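>>> need a structure here:
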Amino acid sequence: MGDNSEPRIGESAHWSARPLGAFNINWGEADFALAAHDAETLEAGLKLALVLDGDLTVRALDGAPTRLKGASLCLFFGRESWRLEHQYAAGRTLRYVTLNLGADLLEQEALALGTSLAGASGAGPVSAFISAPPLSIAAIGEQILSCPMRGAARDLYLGGKGLELTAMALNHFIRGEARAASAALGAAELRRVVQAREMMDAAPGQAPSLPELARSAGLNVRKLTSGFRALYGMSVAEYLRERRMVEAWRSLSSGACDVTRAAEDAGYALPHFSAAFLRRFGVLPSAVRNRSAI
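The predicted model follows:
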């Protein structure tokens with residue numbers, strides 16, 4: 001990153017296991033007081049980038065630049081060594097998770113994967129897939145950023161979450177979910193559906209009613225509900241419920257609030273919240289809160 005960007009970089013981790021070979025995860029936050037630029041040279045293989053928040057522009061090789069504003073999911077498949085450039089906007093915090101998988105993964109355990117990716121995007125040296133992330137994928141990114149575990153258990157947890165994130169992203173792009181959603185919606189409607197999601201993301205605990213949300217986004221309820229399902233694979237209500245659960249996980253794991261406050265913010269009575277949280281994450285909210293205090 002540029003010398004004048006003054007970033008605050010989060011943690012990073014590396015995890016590997018047979019038969020995957022080279023596999024590593026990096027995550028964190030970076031604050032940019034001024035615009036900044038950097039570039040990286042990558043070997044053949046996969047690079048996955050989940051941007052949970054931020055404003056940056058990326059360009060692979062000599063291709064056209066693509067702006068990533070807000071939540072974005074990017075998958076790059078390089079058939080040879082290649083260069084990826086990043087331009088970061090000033091005054092914006094970047095929250096991200098990235099994963100790199102070496103070419104030996106494609107050669108040994110997932111040769112069909114490389115064929116599917118190549119067939120979906122042509123035969124150039126780098127294939128790029130970019131879309132809004134389904135909430136199920138964004139939720140995994142949040143869990144990686146707020147991992148409550150320590151020691152060896154932490155490494156195993158992050159490795160498992162990294163593999164889950166990669167599998168879900170590949171499935172998202174290879175099955176054509178992102179392309180199908182774009183085809184089903186016009187450009188203007190697509191942007192309005194994204195705006196509706198951004199409104200809910202800004203304050204999930206105080207989200208407007210469905211008619212109010214549709215009106216604010218410039219859509220009728222039918223267009224919003226059908227478009228939202230096409231783009232994110234779930235209803236508006238399901239998205240909001242999941243978003244509130246993810247926020248509860250973040251608040252509890254960071255120690256920002258207690259279980260009672262998390263339940264209130266998520267719109268649940270305490271006993272129902274504990275049961276719903278356990279179903280979603282496999283652990284009680286009190287356990288996540290207690291770990292953050294260690």
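
>>> so S254 sits against S146, correct?
Yes. With contact defined as CB atoms under 8 Å, S254 counts as touching S146 (6.3 Å). To be clear about C-beta, it is placed using only N, CA and C from the backbone, and glycine gets the same treatment.

>>> so for these two, which sits in the more crowded spot?
Counted by other CB atoms under 10 Å, S254 and S146 do not tie: S146 has more neighbours, with 17 against 14.

>>> chain neighbours aside, what residue packs nearest to that one?
Excluding the flanking residues, the one nearest S146 by CB to CB, 6 or more residues apart in numbering is S253, at 4.1 Å.

>>> which element is that neighbour on?
Per DSSP states H and E, S253 falls inside helix 236-254.

>>> which strands and helices sit next to that helix?
Packing partners of helix 236-254 (3 or more CB pairs under 8 Å, 6 or more residues apart in numbering; DSSP states H and E): helix 135-145, helix 187-202, helix 210-217, helix 221-232, helix 259-266, helix 270-281, helix 285-292.

>>> tabulate the ones you listed (JSON lines), appending distance to F173.
Below are those laid out as JSON lines (distance: least, CB to CB, whole Å):
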{"stretch": "helix 135-145", "distance to F173": "11"}
{"stretch": "helix 187-202", "distance to F173": "17"}
{"stretch": "helix 210-217", "distance to F173": "26"}
{"stretch": "helix 221-232", "distance to F173": "14"}
{"stretch": "helix 259-266", "distance to F173": "31"}
{"stretch": "helix 270-281", "distance to F173": "25"}
{"stretch": "helix 285-292", "distance to F173": "31"}
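
>>> looking at these, which is buried most?
Comparing the helices and strands packed on helix 236-254 by mean neighbour count (mean count of other CB atoms under 10 Å), helix 135-145 ranks first with a mean of 21.

>>> tell me the secondary structure at C257.
Recorded secondary structure, C257: coil (DSSP: H, G, I helix; E, B strand; the rest coil).

>>> hang on, it packs against S251?
Yes. Assessed by CB under 8 Å, C257 is found in contact with S251 at 4.7 Å.

>>> among the two, which residue is more densely surrounded?
A count of neighbours by other CB under 10 Å puts S251 above the other of C257 and S251, at 22 against 16.

>>> confidence score at the more buried one?
Confidence at S251, expressed as pLDDT, is 86.

>>> ok, now how distant is it from L101?
From S251 across to L101, the span is 32 Å (CB to CB, to the nearest Å).

>>> can you pull the contacts of T225?
T225 is in contact with 210, 235-236, counting by CB atoms under 8 Å, 6 or more residues apart in numbering.

>>> for A60, name its beta-bridge partners.
L84 (DSSP bridges).

>>> and it, how far from A71?
Applying CB to CB, the value for A60 to A71 is 20 Å.

>>> returning to what we had before: list residues touching both of C257 and S251?
By CB under 8 Å, 6+ apart, C257 and S251 have these common neighbours: D265.

>>> pretty sure G227 is touching L219, no?
Yes. With contacts counted by CB under 8 Å, G227 reaches L219, the gap being 7.1 Å.

>>> which neighbours do the two share?
Joint contacts of G227 and L219 (CB under 8 Å, 6+ apart) are 189, 192-193.

>>> where does the stretch 1-150 of the chain have low pLDDT?
1-22, 103-124 (pLDDT under 70).

>>> show me where it has helices.
Along the stretch 1-150 of the chain, counting by DSSP state H, counting those that start in this stretch, helices occupy 103-108, 111-121, 135-145.

>>> chain center to the last one: distance?
Taking the mean C-alpha point of helix 135-145 and that of its whole chain, the gap between them comes to 6 Å (CA atoms, centre = their mean, to the nearest Å).

>>> any buried residues in the helix or strand harbouring E164, and which?
Following DSSP H and E, one finds E164 within helix 151-174. Within helix 151-174, the residues that qualify as buried are 155, 157-159, 161-163, 165-166, 168-170, 172-174, counting by 16 or more other CB atoms under 10 Å.

>>> of those residues, which is the nearest to S127?
Distance ranking of the buried residues of helix 151-174 against S127, using CB to CB, places F173 first at 9.4 Å.

>>> my guess is that closest one meets A128, correct?
No. F173 lies out of contact with A128 (CB under 8 Å); the separation is 10.1 Å.
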